[in-house]
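Participant: Return atomic coordinates for the entry below.
(one chain, ligands or ions: 1)
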Amino acid sequence: MTMTEAMRERHTVRKYTGKALSQEIIEKLNARIDENNSRFGLEVKLITDSADGLNLFAKLAAKGVKNYFVLAADGGEEAAEKLGYSSSDLMLFAQTLGLNTWYIGGTFNHGVAKYADGKKVIGIVAVGFGETNGIPHKSKSAEQVSHYDGEAPDWFKNGVESALLAPTAVNCQGFRLIGNGNSVKLEKNSVMFTPADRGIVKHHFELGAGKENFHW
Ligand SMILES: Cc1cc2nc3c(=O)[nH]c(=O)nc-3n(C[C@H](O)[C@H](O)[C@H](O)COP(=O)(O)O)c2cc1C
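Facilitator: Sure, this is the predicted structure:
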């Protein structure tokens, strides 16, 4: 499965079988985390075989969450956007390995800060073998979230379609993509749209549009 295919396959999964991650999978995930951490200056960590990632509220909807990425970094909104971008890469990479994921920006156990060496934690991503593969989220239309000056080229249309597959907090899809020539702007269109969402949507748009076709 390619990363592009993974965008279509990925859906939030809250119930897991509890099957342990193999050493091989753990090594692959850690290698991908290391690449992202050194590229963006982040402190993301994989915690395995631990049931302490969720708060009580999330536990009501969950089953078998035993592994998760801790999304940690120093800094404010810019760091949060980079964490979002990296979490998108990690979620899709996990999907290509046959795993499922669940981004949790609100209802995680804030006690996981103990794994973050004093860095700020903006959320976790549960990862494991889902009981199901989840279902596609309800989506806005391309017209609702984008505008291109003149006739939109295929790369722009593909980018918008991919951005609509991205997970966003409470599925708000609170963004607008504005294209002009080979330049694209990502605007916030809802108070619900967080810096982490911005990074996730950017990553999805780039995968769909092809980075070589445009610049932000
Ligand atoms: C930044 C962010 C924060 C999120 N926070 C939570 C959360 O606190 N609890 C939860 O159950 N789901 C959370 N989600 C998952 C979203 O509800 C989910 O991604 C969205 O409904 C779209 O569904 P999909 O992931 O299946 O495409 C969050 C997702 C994102 C991107």
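
Participant: centroid residue for this protein?
Facilitator: In the chain, the centroid-proximal residue (Cα atoms, centre = their mean) is residue 88; its distance is 3.1 Å.

Participant: Just to check, that residue is in contact with residue 199?
Facilitator: Yes. With contact defined as Cβ atoms under 8 Å, residue 88 counts as touching residue 199 (6.7 Å). Where C-beta positions appear, they are placed from N, C-alpha and C, glycine not excepted.

Participant: Give the pairing partners of the lengthiest strand in the chain; include direction for each.
Facilitator: Ranked by residue count, the top strand of the chain under DSSP state E comes out as strand 120-128. Using DSSP bridges, strand 120-128 pairs in its sheet with strand 68-73 (antiparallel), strand 100-104 (antiparallel).

Participant: Give me the contact status of the last one with the ligand.
Facilitator: Yes. Judged by Cβ under 6 Å from any ligand atom, strand 100-104 comes into contact with the ligand at 103-104.

Participant: which parts of this protein sit against the ligand?
Facilitator: Counting by Cβ under 6 Å from any ligand atom, the chain sits next to the ligand at 11-12, 58, 103-107, 134, 137, 167-171, 194, 196-197, 200.

Participant: can you pull the contacts of residue 213?
Facilitator: By Cβ atoms under 8 Å, 6 or more residues apart in numbering, the contact set of residue 213 is 153, 155, 182.

Participant: Now the first one: closest residue in space that isn't a chain neighbour?
Facilitator: What it means is residue 153. Nearest residue to residue 153 in three dimensions, chain neighbours excluded: residue 213, at 7.7 Å (Cβ to Cβ, 6 or more residues apart in numbering).

Participant: helix/strand/coil for residue 186?
Facilitator: Applying DSSP: H, G, I helix; E, B strand; the rest coil to residue 186 yields a three-state assignment of strand.

Participant: before we move on, what about residue 138?
Facilitator: Residue 138 ends up coil, using three-state DSSP.

Participant: Can you check the pLDDT for it?
Facilitator: Per-residue pLDDT puts residue 138 at 98.

Participant: Which phi and psi values does it adopt?
Facilitator: Dihedral angles of residue 138 (phi, psi; degrees, to the nearest 10) stand at phi -60, psi 140.

Participant: Let the chain start at 798 from now.
Facilitator: With 798 as the first residue, the last one maps to residue 935.

Participant: Model confidence score at the closest residue to it other than its chain neighbours, please.
Facilitator: The shortest distance from residue 935 to any non-neighbouring residue, by Cβ to Cβ, 6+ apart, is to residue 968 (6.7 Å). Looking at residue 968, its pLDDT reads 98.
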